[in-house]
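Asker: no sequence for this one, just the structure:
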């Protein structure tokens, strides 16, 4: 037998300062507009460092990358990964 507990309807997208504070240090995916290449999307995957009044910062492979909040389309949690041996 297997029991899986899920919460349908809960969004993976982070909104509001409380959620950004709660998920600091967690893996996130941040997507936004690339100001250097109009019309192009910029996607960053890394650990959430912080979000202040001007910037959202993500640690990508040891390097902190920041994006202006006005350019950020969303910051979301990645899909949950299953561990080996778990069905």
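Answerer: That came through, no problem. Treat the numbers as computed from the prediction; the structure is a model and nothing was measured.

Asker: C-alpha from now on. contacts and neighbour counts both.
Answerer: OK.

Asker: now residue 67: how far from residue 81?
Answerer: Residue 67 sits 26 Å away from residue 81, going by Cα to Cα, to the nearest Å.

Asker: of these two, who's got more company?
Answerer: residue 67 (21 against 6; other Cα atoms under 10 Å).

Asker: where does that one fall, secondary structure wise?
Answerer: strand 63-68 (DSSP states H and E).

Asker: what's across from the closest residue to residue 69 other than its chain neighbours in the sheet?
Answerer: Distance criterion Cα to Cα, 6 or more residues apart in numbering; nearest residue to residue 69, sequence neighbours excluded, is residue 55 at 5.1 Å. Here residue 55 sits in beta bridges with residue 68, as judged by DSSP bridges.

Asker: ok, back up a step: in the strand holding residue 67, which residues are buried?
Answerer: 65, 66, 67, 68 (16 or more other Cα atoms under 10 Å).

Asker: I'd guessed the last one sits against residue 51; true?
Answerer: No. Look at residue 68 against residue 51 with Cα atoms under 8 Å: they stay out of range, at 9.6 Å.

Asker: ranges for the helices of the protein?
Answerer: 16-22 (DSSP state H).

Asker: pLDDT below threshold where in it?
Answerer: 1-10, 82-87 (pLDDT under 70).

Asker: which strand is the longest one in it?
Answerer: The single longest strand within the chain, with elements called by DSSP state E, is strand 41-51.

Asker: buried ones in it?
Answerer: Applying a neighbour-count criterion of 16+ other Cα under 10 Å, the buried positions in strand 41-51 are 42, 44, 45, 46, 47, 48, 49, 50, 51.

Asker: next one: stretch 55-75 to chain centre, how far?
Answerer: 9 Å (Cα atoms, centre = their mean, to the nearest Å).
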